[in-house]
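Participant: Sequence and predicted structure, then a few things I'm wondering about:
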Amino acid sequence: MTTINLTTKINASLKTVFDVSRNIDIHQQSAAPSKEKAIAGITSGLINLNETVTWRGKHFGFYLTHKSRITAMTFCDYFVDEMEEGKFKSFRHEHFFEEINGVTIMTDQLQYETPFGIIGKLFDTMFLTNHLIYFLLERNKTLKKIAENK
């Protein structure tokens with residue numbers, strides 16, 4: 001299993017950052033380079049507990065779909081999205097939020113497993129981890145810009 005941990009400081013309120021981070025439209029904006037679109041489930045606005053979204057985007061030259069469900073949520077501190085259908089063996093993305101002196105600390109913890117045994121692990125080591133880190137960093141850059149301008 002691979003784990004990615006990222007921390008982003010955002011000069012905005014806890015509620016603002018929490019809402020921006022679960023906004024489907026903003027995610028689509030941040031994922032524009034991969035042409036990622038919400039095609040089923042919640043396809044616009046805020047996603048909530050037990051709701052699903054199915055994404056379709058171009059990664060590594062292929063259009064892939066990924067269906068996630070929000071499996072846990074504590075307003076405005078935490079939520080989890082977990083893959084229900086997709087190319088990963090498992091995929092769990094935890095989102096943590098903490099406000100300190102008017103600055104919100106947003107922490108992503110992404111844990112996933114690739115299929116295909118040693119070939120999947122090799123692909124992960126050579127390409128996938130860096131791809132996902134870049135994807136999350138771009139997402140967080142967009143979230144930060146939007147939240148700080150609200």
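Facilitator: Looks like it arrived, so ask away.
Participant: For the rest of this, base every contact and every neighbour count on C-alpha atoms.
Facilitator: Fine.
Participant: what sits against Ile70?
Facilitator: Under the criterion of CA atoms under 8 Å, 6 or more residues apart in numbering, the contact list for Ile70 reads 47-52, 79-82.
Participant: among those, which are in strands?
Facilitator: Here DSSP state E is the test, and the contacts of Ile70 give 52, 79-82 as lying in strands.
Participant: ok, of those, which one's closest to Ile42?
Facilitator: Thr52 (6.1 Å; CA to CA).
Participant: Would you show me how to pick out the buried ones of the contacts of Ile70 in ChimeraX?
Facilitator: Burial among the contacts of Ile70 is assessed by 16 or more other CA atoms under 10 Å; the matching ChimeraX selection reads:
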select :47,48,52,79,80,81,82
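Participant: mind giving me TSV with the contacts of Ile70 and columns for pLDDT?
Facilitator: Written out in TSV, the entries for those read as follows (pLDDT from 0 to 100):
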residue	pLDDT
Ile47	98
Asn48	98
Leu49	98
Asn50	98
Glu51	98
Thr52	98
Phe79	98
Val80	98
Asp81	98
Glu82	98
